[in-house]
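Trainee: give the three-dimensional model of this entry:
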Amino acid sequence: MAFDIHQKIVNRYGELDEKKAMQYRDQLFNLFVESPEGQALIDEGNGPSWADMMMDYGINYLAVTPPQMTPGDLSEVLFDLIPQKVSAEADEAPNIIHELQAFWKFLQREFQLENAAACLKILDDKAVHRLQKEMSNPANFGMAKSFVMMGKQRGFDMTTEEGINEWMKIYNTELAAGTGPRIPSPFPAFSDFASGGARKVRGKSRRRMERDSRKKNRRK
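Mentor: Numbering: from 1, shown residues only. Here you go, the predicted structure:
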């Protein structure tokens, strides 16, 4: 049976069906990997992973699948969610843009998605430079990413549970002793609200409860 890219992944109450969403992502991502566009990435030595992450964030934070994704949605995933949540270095930006270009070309060719051309216009050289800038700015990091990046800077292997636990122990010890930096909270203090100085929350994703889970770049 052919894959229906327009299929619904919500239940009868209009809520996300996580099982359907996972199946949708897995099936579409596997089709991409097996496509000429996906195979070209593999031949270049780049195992696809970012396209799946884009779908994950689109579905779980913006409530859109690829056929529903607007250029604005794609920009939010690229320049807001990825810099905030993904513990990857800024030099990954060219790989991210390159893979997403391949993914949207696949969607355009295989499914004739009407939004593909507009989304591809977002994925240009300017996007690489902007993404590098956003990913290198600590002010954009969420709490989970700040913790991971701080641990990496201190020399801990944050790709392993052992490394994470070691850094957490050191961090908590230094915090209790007042000798280490505190990871800034992404939420304004109450006094900021009282004084009218609170910053506006950017995008749909910031209106949802943060569900940070460490997303690893699965390059193979």
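Trainee: and S213, what's its pLDDT?
Mentor: Looking at S213, its pLDDT is 37.
Trainee: can you tell me how far the residue lying farthest from the centre of the chain is from M143?
Mentor: For the chain, the largest distance from the centre (CA atoms, centre = their mean) belongs to A177, which lies 34.2 Å off. According to CB to CB, to the nearest Å, A177 and M143 sit 21 Å apart. Bear in mind the C-beta positions are built from the backbone N, C-alpha and C, glycine included.
Trainee: now do G47
Mentor: For G47 relative to M143 (CB to CB), the value is 29 Å.
Trainee: ok, M168 next?
Mentor: Following CB to CB, the distance that separates M168 from M143 is 13 Å.
Trainee: what about the helix or strand containing D73, distance to the chain center?
Mentor: If you go by DSSP states H and E, D73 is part of helix 71-76. Here the centre of helix 71-76 is set off from its chain's centre by 12 Å, with CA atoms, centre = their mean, to the nearest Å.
Trainee: count the neighbours of the closest residue in space to R130 that isn't next to it in sequence for me.
Mentor: Excluding the flanking residues, the one nearest R130 by CB to CB, 6 or more residues apart in numbering is F79, at 6.1 Å. By other CB atoms under 10 Å, the residues close to F79 number 20.
Trainee: with P94 instead?
Mentor: Neighbourhood size, P94 [other CB under 10 Å]: 14.
Trainee: find the least confident helix or strand in the protein, judged by mean pLDDT.
Mentor: Lowest mean confidence among the helices and strands of the chain (mean pLDDT, DSSP states H and E): helix 190-194, at a mean of 31.
Trainee: what about the spatially most central residue of the chain, distance to D52?
Mentor: With distances taken as CA atoms, centre = their mean, I82 lies nearest the centre of the chain, 3.6 Å away. Counting by CB to CB, the gap from I82 to D52 is 13 Å.
Trainee: how about N137?
Mentor: Distance of N137 to D52, computed by CB to CB: 25 Å.
Trainee: tell me which of the two has more neighbours.
Mentor: Set N137 next to D52 and count neighbours by other CB under 10 Å: D52 wins out with 20 against 11.
Trainee: now do the contacts for the more buried one.
Mentor: Applying CB atoms under 8 Å, 6 or more residues apart in numbering, one finds that D52 lies in contact with 25, 29.
Trainee: what's the burial count for T159?
Mentor: 13.
Trainee: surely the residue nearest to R130 and Q132 touch.
Mentor: No - the pair F79 / Q132 is not scored as a contact, 10.7 Å apart, by CB atoms under 8 Å.
Trainee: output the longest helix belonging to the chain.
Mentor: Longest helix in the chain, counting residues (DSSP state H): helix 93-111.
Trainee: starting at the chain centroid, how far to that one?
Mentor: So, by CA atoms, centre = their mean, the centroid of helix 93-111 is 15 Å from its chain's centroid.
Trainee: same deal with stretch 84-101?
Mentor: The answer for stretch 84-101 is 9 Å, by CA atoms, centre = their mean.
Trainee: just stretch 108-116 next, same as before
Mentor: From the chain centre to the centre of stretch 108-116 is a distance of 22 Å (CA atoms, centre = their mean).
Trainee: with stretch 77-89 instead?
Mentor: 5 Å.
Trainee: just to revisit the earlier point, tell me the buried residues in the helix holding D73?
Mentor: By 16 or more other CB atoms under 10 Å, the buried positions in helix 71-76 come out as 73-74, 76.
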